[in-house]
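S.K.: Give the three-dimensional model of this entry:
(one chain, ligands or ions: 2)
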Amino acid sequence: MKDQFAREISYMRVSVTDRCNLRCVYCMPEEGVPCVSHSDILSYDEITRVCRIGSGLGIRKIKLTGGEPLVRRGLPGLVRMIKSLPDIDEVTLTTNGILLKSQLDDLVAAGLDAVNISMDTLDPEEYGRITRTGTVQDVLDGLEAALSCGKLKVKINCVPLQNIPAETYVRLAMLAKDRPLDVRFIEMMPIGLGSRFRGRSSGELMALLEDRFGKAEPDSAKHGNGPAVYCSFPEFSGKIGLISAMTHQFCGTCNRVRLTSEGMLKLCLQYQTGVDIRALLRSGADDDRIRETMRRAVYEKPACHHFERAGSAAETIREAETRDMSQIGG
Ligand code: SAM
Ligand code: SF4
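M.R.: Ligands and ions are numbered 1, 2, ... in the order given. I've put the predicted structure just below:
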């Protein structure tokens, strides 16, 4: 399925819940988080139907996300349902890792292909401050389980912050030295609470890592479905990835759309606009009508984000996203 700018859209990020068992400072408020009621959230049957219809339009890869996807009961069942769709090649998961160990066997048995684990520091105290409620050892247990099952591609995602010492990111990068995993650093985007924090740029991260580990070699092998640029350091078994949403816009090759937990098909992270698929699903629309609605919406996908303008007095973006990442499905 191509959009108006001839970009091939083959990847859908599906948020299964807006709820989370953590409260990362740049993603969710500490208290008073408005929760979408269960009846407003798409059921697993509804999500699978949208994935099936999307696969008829060229969607090949599904990423399950949230909120925290593993807090929704029975997630391995959804993995199994989507994996059984003939035209879906890959089902992957983005998680904070807290509940990963306990669900890992079921996820793997259901056919999960890969897992991205978000972990912004290895230091227990820093982790507690960033996530407000989390214990980093739970994530490390989930990580070890994911690596030792031998069936999953594993990546670590980190959003580096200015107010956290640089050494934290050197230590995180070193996970890729001895283990078969990639560590990715994501630039903070000014979405929801994220706009109140100063992230570290990819350039800054790279200078820091090269200073410590020597010259990085660019790595052109394909590592996933997204915009990360990878490199390798001498004696590292895994790669380091940089996702530079702020300093290197990659919208020209964007291949994705998002389905929120409430069934809104969102076309760009920065815009609130989208199409209400839930309304169609629940009004008895047939597959052809839903497919046509999705096709038309995807065609209209915006050319690019304008994060550089977000929050500035000169902001001119119509319908800019105001919700937090956990509500959109990051
Ligand atoms: N709860 C899961 C997790 O943490 O992986 C999935 C959802 S979370 C919203 C997905 C990713 O978005 C996490 O890696 C998180 O760090 C990242 N994220 C949240 N807010 C962000 C922001 N403003 N800019 C960049 N990344 C952000
Ligand atoms: Fe939850 Fe993920 Fe947001 Fe942290 S980043 S609050 S784990 S949804």
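
S.K.: Tell me the pLDDT of the closest residue in space to F213 that isn't next to it in sequence.
M.R.: Once flanking residues are discounted, F213 sits nearest to F233: 4.2 Å by Cβ to Cβ, 6 or more residues apart in numbering. (C-beta placed from N, C-alpha, C; glycine too.) Listed pLDDT for F233 reads 95.

S.K.: Count residues in the vicinity of F233, would you?
M.R.: For F233, the neighbour count with other Cβ atoms under 10 Å is 20.

S.K.: contacting residues for it?
M.R.: Counting by Cβ atoms under 8 Å, 6 or more residues apart in numbering, F233 makes contact with 177, 209, 213-214, 216-217, 240.

S.K.: Which two of those have the greatest separation?
M.R.: Spanning the widest gap among the contacts of F233 are K177 and E217, at 14.6 Å by Cβ to Cβ.

S.K.: Break down the stretch 51-200 of the chain into its helices, ranges please.
M.R.: 75-83, 100-110, 124-131, 136-148, 166-173, 175-178 (DSSP state H, counting those that start in this stretch).

S.K.: who touches the residue nearest to R198 when sequence neighbours are not counted in this structure?
M.R.: In space, and not counting its chain neighbours, R198 is closest to Q162: 4.2 Å by Cβ to Cβ, 6+ apart. Going by Cβ under 8 Å, 6+ apart, Q162 touches 197-200.

S.K.: Let me know the closest of those to T94.
M.R.: Set against T94, the nearest of these by Cβ to Cβ is G199 (18.1 Å).

S.K.: Help me confirm that the closest one comes into contact with P160.
M.R.: Yes - with contact defined as Cβ atoms under 8 Å, G199 counts as touching P160 (6.1 Å).

S.K.: list residues touching both of the two?
M.R.: With Cβ under 8 Å, 6+ apart as the test, G199 and P160 both reach M188.

S.K.: Ranking the helices of the stretch 51-200 of the chain by mean neighbour count, which comes first?
M.R.: Burial of these is given as mean neighbour count (mean count of other Cβ atoms under 10 Å); helix 75-83 ranks first at a mean of 20.

S.K.: Next, the angle from that helix to helix 100-110.
M.R.: Relative orientation of helix 75-83 versus helix 100-110 (axes from the mean of the first three to the mean of the last three Cα atoms, to 10 degrees): 30 degrees.

S.K.: what helices or strands is helix 75-83 leaning on?
M.R.: Counting contacts by 3 or more Cβ pairs under 8 Å, 6 or more residues apart in numbering; DSSP states H and E, helix 75-83 is packed against helix 44-55, strand 61-65, strand 90-95, helix 100-110.

S.K.: which residues touch it?
M.R.: 16, 44-45, 47-48, 51, 62, 64, 69, 88, 91, 93, 103, 106-107, 109-112.

S.K.: Quick one, which of those are buried?
M.R.: The neighbour count (16 or more other Cβ atoms under 10 Å) marks 16, 44, 47-48, 51, 62, 64, 69, 88, 91, 93, 103, 107, 110, 112 as buried among those.

S.K.: and which of these is nearest E167?
M.R.: Nearest to E167 among the buried ones among the contacts of helix 75-83, with distances taken as Cβ to Cβ, is L93, at 29.3 Å.

S.K.: What residues are bridge-paired with that closest one?
M.R.: In this entry, L93 is beta-bridged to L64, V115, by DSSP bridges.

S.K.: quick one: pLDDT of it?
M.R.: As predicted, L93 sits at a pLDDT of 98.

S.K.: what about it, distance to ligand 1?
M.R.: Separation of L93 from ligand 1 (Cβ to the nearest ligand atom, to the nearest Å): 9 Å.
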